[in-house]
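Trainee: Next input, structure requested:
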Amino acid sequence: MAALGERLHEAVCAQPGETMSVLGPALGKSRRELNRPMTALKRSGRVRSVGQRHQTRYYPSVVRSPVSAS
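Mentor: Model prediction:
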């Protein structure tokens, strides 16, 4: 599942704002097969989602480095 999660993250980064209906066929997987890897990516903070149900779109999360207090 980790390898599929990495492939899914790469697909989201390559096509930000797409739905599972677009990402699934690009990876050769069904939307249902991608549900668990996407949940893991969202929980880890690597992907964020906007919308609900079949209109949900996925974006890579922006990770900002902490600002030094120098």
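
Trainee: What number of neighbouring residues does residue 9 come out with?
Mentor: 20 (other CB atoms under 10 Å). C-betas here are computed from N, CA, C, even on glycine.

Trainee: Double-check that it belongs to a helix.
Mentor: Yes. Read with DSSP: H, G, I helix; E, B strand; the rest coil, residue 9 is one of the residues of a helix.

Trainee: surely it meets residue 44?
Mentor: No. When contacts are counted by CB atoms under 8 Å, residue 9 is not listed as touching residue 44 (9.4 Å).

Trainee: Show the contacting residues for residue 8.
Mentor: Applying CB atoms under 8 Å, 6 or more residues apart in numbering to residue 8 gives the contacts 23, 27, 34, 37-38, 41.

Trainee: Grab the most central residue of this protein for me.
Mentor: residue 47 (4.3 Å; CA atoms, centre = their mean).

Trainee: Would you confirm that that one contacts residue 16?
Mentor: No. Using CB under 8 Å, residue 47 is not in contact with residue 16; the gap is 9.7 Å.

Trainee: Need the residues touching each of these two.
Mentor: 58-60.

Trainee: Only the buried subset of those residues, as a ChimeraX command please.
Mentor: The ChimeraX command for the buried members of these (criterion: 16 or more other CB atoms under 10 Å) is given here:
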select :58
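
Trainee: can you put the shared contacts of residue 47 and residue 16 in TSV and add distance to residue 3?
Mentor: Formatted as TSV, the shared contacts of residue 47 and residue 16 follow (distance: CB to CB, whole Å):
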residue	distance to residue 3
58	18
59	22
60	18
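
Trainee: now the helices for this structure?
Mentor: 2-14, 20-27, 31-44 (DSSP state H).

Trainee: That's all I had, so thanks and see you.
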